[in-house]
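# Build the 3D model from these lines:
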Amino acid sequence: MGNKLLTTKEAADQLSIAAQTLYNWRHRRKGPDYVMVGGAPRYEQEAIDRFKNQNRVCLSRDAA
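Numbering: from 1, shown residues only. Now for the predicted structure:
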């Protein structure tokens, strides 16, 4: 049972960003982890989910 690899467009759609943004992030070594397959970047669903969780902003109503 393998982990489906997402294209740049599929990953960008899940993050609600432009595919160009992922390209820019790769160039700057930012963004979600990816793997190169046949010269093309591919994103594991787990990497997309982890990136979203790591960038979550929680607003606490209990702040002093």
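
# By residue count, which strand of the protein is the longest?
strand 40-44 (DSSP state E).

# For that strand, list every residue counted as buried.
For strand 40-44, burial by neighbour count (16 or more other Cβ atoms under 10 Å) applies to 41, 42, 43, 44. For the C-beta atoms, the positions are set from N, CA and C on the backbone; glycine is no exception.

# can the residues you listed go into TSV with extra columns for pLDDT and distance to residue 22?
TSV is the format used below for the buried residues of strand 40-44 (pLDDT from 0 to 100; distance: Cβ to Cβ, whole Å):
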residue	pLDDT	distance to residue 22
41	98	8
42	98	11
43	98	8
44	97	14
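
# what's the most distant pair in those residues?
By the measure Cβ to Cβ, 41 and 44 form the most distant pair in those, at 11.2 Å.

# Can you tell me what sits against stretch 26-45?
By Cβ atoms under 8 Å, 6 or more residues apart in numbering, the surrounding residues in contact with stretch 26-45 are 3-8, 10-11, 15, 21-22, 25, 47-48, 50-51.
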